[in-house]
Structures are given as structure tokens and as C-alpha cells.
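>>> next comes the sequence, and after it the predicted model I'd like to discuss.
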Amino acid sequence: MIHVLDTRHLGRRGIIAVTLLETDEGLVLFDTGPESTFETVVAQLPERGFSVQDVRHVFLSHIHFDHAGAAWRFAELGATIYVHPRGAPHLIDPTKLVASATRLYGDKMKLLWGTIAAIAPERVRVLQDNDVVRSAPFEIRAIATPGHAGHHHVYHWNDNVFGGDVAGVRLGSGPPAPPLVPPELDIEAWRESIAKIRALNPAKLYLPHFGLVAGDITAHLNALEERVIRWSIWFRARIRAGDDEQKMTPAFADYVADELRALGATDSEVADYEHADPSFMAVSASIRYWRKHHPEEVELPAPTHSDTS
Ligand SMILES: [Zn+2]
């Protein structure tokens, strides 16, 4: 049995989920939500017949605070935390992570994410691509899926996939949107990761933002990939046109909002997407991606004086 718990982050429903799987060996969580919502999540366990001590295994898609912020709380209660090799050092010593997030969120850190603390190394288990963890009767496989972040895993068991952020943000009745965030956005890797999920042909796909994907999963993945490509190309055009970050941020927010509204989203749903997937982050992520991975496509070629024809 799989449960989707709502962290009700900042009082908003349907934005950040914690996915819970019942096994013979206790509860498995896929992502924890931020630390600021730990108590809200824990309070939902008794009504389902569980206690927080039943949580034995915590599988992290990646270490961004809205996914992994509360991992240390579960670890303190005895859970094992599973994570990509490049995520593990930051769970054990979050100093750098906190510093870089503070540059992004400033004095809103505590309000947004709560308290961040180190996890004891013996509670952290590194998973390589294709590693399997058994929690009877399930075998849960980690699949390396970079794109949104370099250190991202999705998890596969039976015909289910927990898709993390690389599988898109899909809120309410809205379409799948790719959360483009710095500093590791990689469009080519993202498309390969979508192909990996497609190849698993899952019957059910669970998203941290938010919950079980209703309807056809192939259609979801196709629509997601189409936006990964088109949105990245929108940014390339803006960079080529010489727009700066300040100009691009409201323009991209409008571009996304118009698209969502054209697909039937209400103003409140548009605001929810912005909350889950802020446009300012997409702008800095995309500028960095293009300059780093394809500088020749966003910089004007140097004038060639030999060209006299
Ligand atoms: Zn993320």
C-alpha cells in the first residue's frame, strides 16, 4: 500500500508530497519534505495506524531541502537514509549546502525549510546506479537520473516509479512542468533520464510535486520532455537577444503563466506552480546551462578580419 502525505508547506496543499510505502520491514519513505513540515507529516502517521518509529528506510531523490530537509529528523529516530553518492557528503556535513541555499533564499531560509542538521555517517547509505535495496516483499532499485540535479535518483519497485523532480512538477489538473534549477541543470541529461523512466514503462508514477500521476504516463513524459526542450530554447533566444536576468525573470513567469492558463489553469494553480517551481531559479539555471554547456550557441562569434569577400 502506498500513501501520499501532504506536507502542507507554508499552509499550501498539494505542493510538496511525502510518499510512503508499507512493507513487511516497516515504512519506506520517498523524500521527506523540508524540516519545517516534519511535525505535520509525523502527525498524519497515527491516523493511518503508524508511528514515526515505523519509518525504517528513507530514499531521497536528491538533497534539495524541499525533498531531503527532514531526513536528519528521521535518521535521529533510527531510519537509514539512501542517497546518490554525490549527495551523501552534504547530508553528513550540510555546511556548504546551507551556505549556497542562503545565497538563494536569504533570511527566508528558516521560514521555508526549518532547521538543517548533519546526519550521522552510519545512518547514510550511498546508492550507485542500479543498486537494489530489499524491504520485503519489495526490491527497490535506484536509477541515476541527472538533469534537474546531477545527484538525482528515481526509484523503481514492481511497476511503480518514484520520479523525483526529473519526472516533472504536476499540480492539480495542470500539465507536467520541468523544474529548471541551478547549478546543475543539464538538458541533454534530463532527456536521457526521461528516456530511462519511459523504458521502465511504469504503471504508476509518483511525484514529489505532487502525488500519483493521473492518466497516461507516456503522455505525461512526452509533454514533460517537450517543455524541457521548448523552455530551454526560449531561454537561448532571450540570451542571444541580449536580455539580462532581471528582464528575463518576469518574462519567463509570464510565458509559463500564459501557457498554464491556456491549458485551463486557474490563477491559484498558476501561483502554485510558481511556488513549487520559482521562475527566478529557472532563469539563473538556464543562463548557466547555456553558457557552460553550449557557449558557442549563446555568444556572438568573434569578428573574423580575414573574411574580406
Ligand atoms: Zn529539486
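Looks like it came in fine. Residues are numbered from 1 along each chain as shown.
>>> show the contacting residues for Thr80.
Under the criterion of Cβ atoms under 8 Å, 6 or more residues apart in numbering, the contact list for Thr80 reads 56-58, 123-125. Glycine gets a C-beta too; all of them are placed from N, C-alpha and C.
>>> which of those residues sit farthest apart?
Spanning the widest gap among these are Arg56 and Val124, at 14.4 Å by Cβ to Cβ.
>>> looking at these two, which one has more neighbours?
Taking other Cβ atoms under 10 Å, Arg56 and Val124 do not tie; Val124 has more neighbours (21 against 17).
>>> where does this structure get nearest to the ion, residue-wise?
His64 (3.6 Å; Cβ to the ion).
>>> correct me, but that residue touches Gly164?
No. Contact criterion Cβ atoms under 8 Å: His64 and Gly164 do not qualify, at 9.6 Å.
>>> next up, phi/psi of the nearest residue to Gly264 once chain neighbours are set aside, please.
Closest residue to Gly264 apart from its sequence neighbours, by Cβ to Cβ, 6 or more residues apart in numbering: Ser173 at 7.0 Å. The phi and psi values for Ser173, taken as degrees, to the nearest 10, are phi -100, psi 20.
>>> show me the contacts for Ser173.
264-265, 269.
>>> and the stretch 101-250 of the chain, which residues reach the ion?
Asp165 (Cβ under 5 Å from the ion).
>>> tell me which stretches of the stretch 1-150 of the chain form strands.
Under the criterion DSSP state E, counting those that start in this stretch, the stretch 1-150 of the chain contains strands at 2-6, 17-23, 26-30, 55-59, 80-83, 124-126, 132-135, 138-144.
>>> kindly format the C-alpha coordinates of the fifth one as PDB.
When you say that, I think you mean strand 80-83. Taking Å, rounded to 0.1, in the frame of the first residue of the first chain, the C-alpha atoms of strand 80-83 are listed here in PDB:
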ATOM      1  CA  THR A  80      18.500   4.700   7.200                       C
ATOM      2  CA  ILE A  81      18.900   7.400   4.600                       C
ATOM      3  CA  TYR A  82      19.600   6.300   1.000                       C
ATOM      4  CA  VAL A  83      21.100   8.800  -1.400                       C
END
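>>> partner strands of that strand and their direction?
Here strand 80-83 is paired, per DSSP bridges, with strand 55-59 (parallel), strand 124-126 (parallel).
>>> related to what we said a few turns ago, okay if I get the strands of the stretch 1-150 of the chain as TSV plus mean pLDDT and distance to Thr40?
Listed next are these as TSV, based on pLDDT from 0 to 100; distance: least, Cβ to Cβ, whole Å:
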stretch	mean pLDDT	distance to Thr40
strand 2-6	98	8
strand 17-23	98	10
strand 26-30	98	14
strand 55-59	98	15
strand 80-83	98	20
strand 124-126	98	24
strand 132-135	98	25
strand 138-144	98	25
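>>> would you mind giving these as JSON lines with distance to Ile233 added?
Below are the strands of the stretch 1-150 of the chain laid out as JSON lines (distance: least, Cβ to Cβ, whole Å):
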{"stretch": "strand 2-6", "distance to Ile233": "33"}
{"stretch": "strand 17-23", "distance to Ile233": "30"}
{"stretch": "strand 26-30", "distance to Ile233": "32"}
{"stretch": "strand 55-59", "distance to Ile233": "33"}
{"stretch": "strand 80-83", "distance to Ile233": "32"}
{"stretch": "strand 124-126", "distance to Ile233": "36"}
{"stretch": "strand 132-135", "distance to Ile233": "38"}
{"stretch": "strand 138-144", "distance to Ile233": "26"}
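>>> which one of these lies closest to Gln246?
strand 17-23 (32.9 Å).
>>> residues in contact with that closest one: which ones?
Counting by Cβ under 8 Å, 6+ apart, 1-7, 27-33, 41, 135-138, 157, 162, 206-211 sit against strand 17-23.
>>> are any of the residues you listed buried, and which?
Listed as buried from these are 2-7, 27-33, 41, 135, 138, 157, 162, 206-211; burial here means 16 or more other Cβ atoms under 10 Å.
>>> okay, helices next: where are they in the chain?
Counting by DSSP state H, one finds helices in the chain at the ranges 38-42, 65-68, 71-76, 88-92, 95-105, 109-113, 187-200, 217-240, 245-262, 267-276, 279-293, 295-298.
>>> need the winner for burial among these.
The highest average neighbour count among the helices of the chain, using mean count of other Cβ atoms under 10 Å, belongs to helix 65-68 at a mean of 25.
>>> contacts only, for Leu97.
63, 90, 116.
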